[in-house]
Each structure stands twice: as C-alpha cells, then as structure tokens.
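Q: structure of the sequence below:
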Amino acid sequence: MKDTDKTMQRSPKNPFTRRQLLIGSSFLTSLVASTVGLSTLSSKPALSQDSGEYSGTWKKKKIHRIEGPGLHHSALLSYDIDATIRFYEQGFGARKRYGWNSAQTILPTGQFFDVVRRVQLMDMGDGNYVEIVAGGTPASERVGYDVWNHIALRADNTDLYYERAIKAGAQPYSFVFNDKTWNGEPADFVLSGDPSGQATLSVRLAYCRGIDGELIEMVQGKVL
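A: Got it, this is the predicted structure:
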C-alpha cells in the first residue's frame, strides 16, 4: 500500500498523478472521436444523395423534391458581351461553357427560321449557367422587357412540359427575329459554334409566358 501511494505522488520525472493521466487519456480519446466525426460530416455534401435528406449537425430535414424540369440557365442581354463575360469570370469564377453565333430550325410551315446573334453560355458551377446574349443598349438607357431576358428550364421532354405549362395557364409566345416569326412551340434547333471551332449542337426548344408575364424557355438536349 505504501509502494502504491508512492507511485501516486508527484516527482520531477513523473509530475502527473495516475488519476490525472487517466482523465487526460479519456479527454484525448473524446477529442479524436469528435474530430473524426466532424471530418466525416465535412467530407459529405449537405444534400445526402442516398437518403435525400439534409445532413446537419443538429437534425435531418426532409427535402421537398418536385417532378419536372430543373433550372438550366438565366439569360441576360449585354450591350458589351466581352465586358460581361470578363465580369462573370473575374467576379464569380464562371467559365465559358459554349458559345454560338446562330440557331437554326425548320418550322412546321416549312419556313427556315434562323437567329443570328452572338451568345455565350457561362458555367456557374453545379450544372447551372448564365446565358449572355450580345445586343441591346447600355443598361442605363434600357427600358422595358426584352425577349433575351428569360429563364430557361432543363427538360427531358420539351413537348410534354410545354403542353403542361399551357394547360396550367401559360400563354404562347411568338419569337420574332428579322421579320420572321416562330410561335414558340417545341422545335428542333441547331446551334452553330463560335469562331473558335466549337461543334454544332442540336437542342429542342420552346417558349411561353408565365402567368406573371415572365418569359420561360424549355431546353432539351444531351450536351448542355
């Protein structure tokens, strides 16, 4: 008993008691476990793909999911497209995804419909884009609403969602360009790449106006 008591005493070589060492060991074990747990949480995305739930440190919250097209891009008309591209690159880290100079289709009437306009799709990350369209006037002089300012929805079936939108209260929208008119109903377009040599793309598009007057585009394609 005396020998045991002596080992419990502090000495220059062993300044801690056995009890203090045990407490310290327990604390370190808990700290390591907490660190591992935090690193595991941080390595997973906030949205758990397997459970469809929000992974928070305090609780899990069910996420409401909808069936239908997701947001593909928001578009804006730019008086100086190169300056706008630089702004999104430098300000938000966006990257050029695809640029084109024309979109062509054959309408059901047999008329050739061709939109010639420089457009640059900017990758904003997470599969989201901002579409920059050249033209218009400086922002300080702009009045009213322009066809190029719209939101676009990514659709796996443009025809289906166009029909659903019209039944839900949307209004058909006629797209007029160079005295030619497309009624906005689903049509196959071929996008011609910009001068840098990008390949042409095939997409199926449709336009309509929402019940608040917003212009909505539906985009169906496998590349973008």
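
Q: can you pull the buried residues of stretch 157-168?
A: Neighbour counts over stretch 157-168 (16 or more other CB atoms under 10 Å) mark Thr158, Tyr161, Tyr162, Ala165 as buried. Just so you know, the C-beta spots here come from the backbone N, C-alpha and C atoms, and that holds for glycine as well.

Q: ok, stretch 173-188 next?
A: By neighbour count on 16+ other CB under 10 Å, the buried set for stretch 173-188 is Tyr173, Phe175, Trp182, Gly184, Glu185, Pro186, Ala187.

Q: would you say the fourth one is within a helix?
A: No - with DSSP: H, G, I helix; E, B strand; the rest coil as the criterion, Gly184 is located in coil rather than a helix.

Q: related to what we said a few turns ago, so can I have a markdown table of the buried residues of stretch 173-188 showing pLDDT?
A: Shown next, in a markdown table, are those (pLDDT from 0 to 100):
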| residue | pLDDT |
| --- | --- |
| Tyr173 | 89 |
| Phe175 | 84 |
| Trp182 | 91 |
| Gly184 | 92 |
| Glu185 | 95 |
| Pro186 | 95 |
| Ala187 | 95 |
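
Q: got the CA coordinates for stretch 205-222 in PDB?
A: The C-alpha coordinates for stretch 205-222 follow below in PDB (Å, rounded to 0.1, in the frame of the first residue of the first chain):
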ATOM      1  CA  LEU A 205     -36.600  24.500 -77.600                       C
ATOM      2  CA  ALA A 206     -39.900  26.000 -76.600                       C
ATOM      3  CA  TYR A 207     -41.000  29.400 -75.300                       C
ATOM      4  CA  CYS A 208     -44.000  30.600 -73.300                       C
ATOM      5  CA  ARG A 209     -45.000  33.400 -71.000                       C
ATOM      6  CA  GLY A 210     -45.800  32.600 -67.300                       C
ATOM      7  CA  ILE A 211     -48.800  33.900 -65.600                       C
ATOM      8  CA  ASP A 212     -46.800  36.900 -64.300                       C
ATOM      9  CA  GLY A 213     -45.500  37.700 -67.800                       C
ATOM     10  CA  GLU A 214     -42.100  36.100 -67.300                       C
ATOM     11  CA  LEU A 215     -40.600  34.600 -70.400                       C
ATOM     12  CA  ILE A 216     -39.800  30.900 -70.000                       C
ATOM     13  CA  GLU A 217     -37.700  28.800 -72.300                       C
ATOM     14  CA  MET A 218     -37.600  25.000 -72.200                       C
ATOM     15  CA  VAL A 219     -34.300  23.300 -73.300                       C
ATOM     16  CA  GLN A 220     -34.000  19.600 -74.200                       C
ATOM     17  CA  GLY A 221     -30.500  18.400 -75.200                       C
ATOM     18  CA  LYS A 222     -27.900  15.800 -74.100                       C
END
